Structure formats: C-alpha cells, structure tokens
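>>> Predicted model follows, preceded by the sequence.
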Amino acid sequence: DVVLTQSPLSLPVILGQPASISCRSSQGLVDTDGFTYLSWFQQRPGQSPRRLIYKASKRDPGVPDRFSGSGSGTDFTLKISRVEAEDIASYYCMQYTHWPPVTFGQGTRLVIK
Amino acid sequence: EEQLLESGGGLVQPGGSLRLSCAASGFTFSPFRMSWVRQAPGKGLEWVSTIRGDGTETYYADSVKGRFTISRDNSKYTLYLQMDSLRAEDTAIYYCAKLPPARDGLFSVDIWGQGTLVTVSS
C-alpha cells in the first residue's frame, strides 16, 4: 500500500503570510497514462472535506487562486500564498494512482501563531 | 446542486450491526464509483470501501474486510454500507463521497456528504 507522509502535522501561521505543506509518497504517483492522481482536501472544523486540488496541480472550480499544488513523482506541496482566516483548517493529501486502497496523509492542522 | 445525504448512524453495542445509507441527488449517480470514508474522533481520514458504478466490483480496507459490505441501488440513487461485527475502533463519522474519480481525462466534480456518526460502545 502507498503511504503518504505529510509534514508538518501542525503548522502555526500568521494571517497574510504564506504557508506550505509537504506530502511525500512511498511510491511514485505517476500513472501509466501520464497523470498523477494526487489530490488535496481542506476540512474546516465541523465540516466535511472539500477538494482543493486534483491531479497534483489543478485547482478545483471556486477555489481561491492563493491555493496551489505542485510536485511530481513522490514529493508534493500545497501552498497558500497569503493565509486568510477562513483557511484555518486541516489539510489532507490523497492518492488513487495505486488503488485499492485509496490512501490519505495523516493531515496537517493550520493554527494561528 | 449535487448532494449526498447520509443516514443510519447511531449507538450500537460491540458485535452489533448497523446499515448506513447515502442518498444522492443533483447528478447522474450510476456512472460513478462511490466510496465510504471515515474519521475517528480527532483523527484523520480513512478510506473504508469503494463500489463501481454498475456495482459489479467492490473494494475494502483490510480493517473492515469480511465485516462490512458496500452496495448500491442505482434506481434509488442510493449507496449503502452494511456494518456487522462492529468494534469500538469502528467509532467514527462515516462520509459517503464520489471518489475516486474515473481516469478518463474528464473533470470529475468532488462531492461529499455531511457524514453520519457511528458510536460502538456498551
């Protein structure tokens, strides 16, 4: 099974400043079709998860452009260019290149510094 | 608007059974793989099970294999999760979700339900 390791698990942030979350995979996530099936989800307290990024770097409709996804192979990053109060949440990476099983990272909690 | 609405959660004793339902609306249900994902209190997301759009193939996490059964009724736009031999460690919010997306190059809308809480305790 593919293991996704996120870091840090808790990220103190200052509003208006950038933030970055890492997701490292135990296996390369490029599929035979050339696509990388790595997604990023945001989960605000008390809410369901919401996808922000799919195929490693494509932003979902309605997601603010301050969110960006990058990376390839086994190393991926979610960046927030300027953190806003509504971004305080937990963030998860998920892969389905090598499934089953679908696997999630442990999650990263953004907290106000 | 695409929606998923779970129901059927509650308190059950260890060894007991529960059946979760997930009603879909606002999108064509039958073509898409559907999954159950759970989240234990204060913990992260854990994939539980997936079923193909036509229901012919099912997949399970090792932690639930042999105890849980996923199914769907496309005529009713409904996904199910039959949970038997429940354990304390199955306590979690159970979400139904339209994932994983097909690898057909087309954009697939991400949809999650609001979740239903299952508590396994004596």
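That came through fine.
>>> For chain A, which residue occupies the most central location?
For chain A, the residue sitting closest to the mean C-alpha position, by C-alpha atoms, centre = their mean, is residue A:40 at 3.3 Å.
>>> three-state assignment of residue B:43?
coil (DSSP: H, G, I helix; E, B strand; the rest coil).
>>> so residue A:68 sits right up against residue A:59, yeah?
Yes - with contact defined as C-beta atoms under 8 Å, residue A:68 counts as touching residue A:59 (7.2 Å). Where you see a C-beta, it was placed from the backbone N, CA and C, and this is true even at glycine.
>>> who touches both of these two?
residue A:53 (C-beta atoms under 8 Å, 6 or more residues apart in numbering or on different chains).
>>> dump the residue contacts of the residue nearest to the spatial centre of chain B.
The centre of chain B sits closest to residue B:36, judged by C-alpha atoms, centre = their mean, with a distance of 2.5 Å. Neighbouring residues of residue B:36 by C-beta under 8 Å, 6+ apart: B:20, B:22, B:48, B:49, B:50, B:70, B:79, B:81, B:94, B:95, B:96, B:97.
>>> what lines up beside whatever helix or strand it lives in in the sheet?
Element membership for residue B:36 (DSSP states H and E) is strand B:34-39. Using DSSP bridges, the strands paired with strand B:34-39 are strand B:45-51 (antiparallel), strand B:92-97 (antiparallel).
>>> Which of the ones you listed sits closest to residue B:74?
Minimum separation from residue B:74 across the strands paired with strand B:34-39 (C-beta to C-beta) falls at strand B:45-51, 10.5 Å.
>>> For the closest one, which outside residues touch it?
Everything outside strand B:45-51 that qualifies as a contact, by C-beta under 8 Å, 6+ apart, is A:41, A:43, A:49, A:92, A:94, A:99-104, A:107, B:33-40, B:57-61, B:63-64, B:68, B:70-72, B:79, B:81, B:92, B:94, B:99-100.
>>> What average pLDDT does that strand get?
Mean per-residue pLDDT for strand B:45-51: 98.
>>> Which residues does whichever helix or strand comes after it contact?
As assigned by DSSP H and E, the chain's next helix or strand after strand B:45-51 is strand B:58-60. Contacts to strand B:58-60, defined as C-beta under 8 Å, 6+ apart, come from residues A:99, A:100, A:101, B:48, B:49, B:50, B:51, B:52, B:68, B:69, B:70, B:71.
>>> Type out the ChimeraX command that picks the buried ones from those.
Here is the ChimeraX command that selects only those of these that count as buried (16 or more other C-beta atoms under 10 Å in any protein chain shown):
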select /A:99,100,101 /B:48,49,50,51,68,69,70
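>>> if we take the contacts of strand B:58-60, which one ends up nearest to residue A:82?
Distance to residue A:82 across the contacts of strand B:58-60 (C-beta to C-beta) is lowest for residue A:99, with 34.1 Å.
>>> And what about the closest one, helix, strand or coil?
Going by three-state DSSP: residue A:99 is coil.
>>> State the helix or strand in which the closest residue to it other than its chain neighbours lies.
Distance criterion C-beta to C-beta, 6 or more residues apart in numbering or on different chains; nearest residue to residue A:99, sequence neighbours excluded, is residue B:100 at 6.2 Å. Under the criterion DSSP H and E, no helix or strand holds residue B:100.
>>> isn't residue B:100 right up against residue A:101?
No - using C-beta under 8 Å, residue B:100 is not in contact with residue A:101; the gap is 10.3 Å.
>>> circling back: closest to residue B:8 out of the strands paired with strand B:34-39?
The nearest among the strands paired with strand B:34-39, by C-beta to C-beta, is strand B:92-97 at 8.8 Å.
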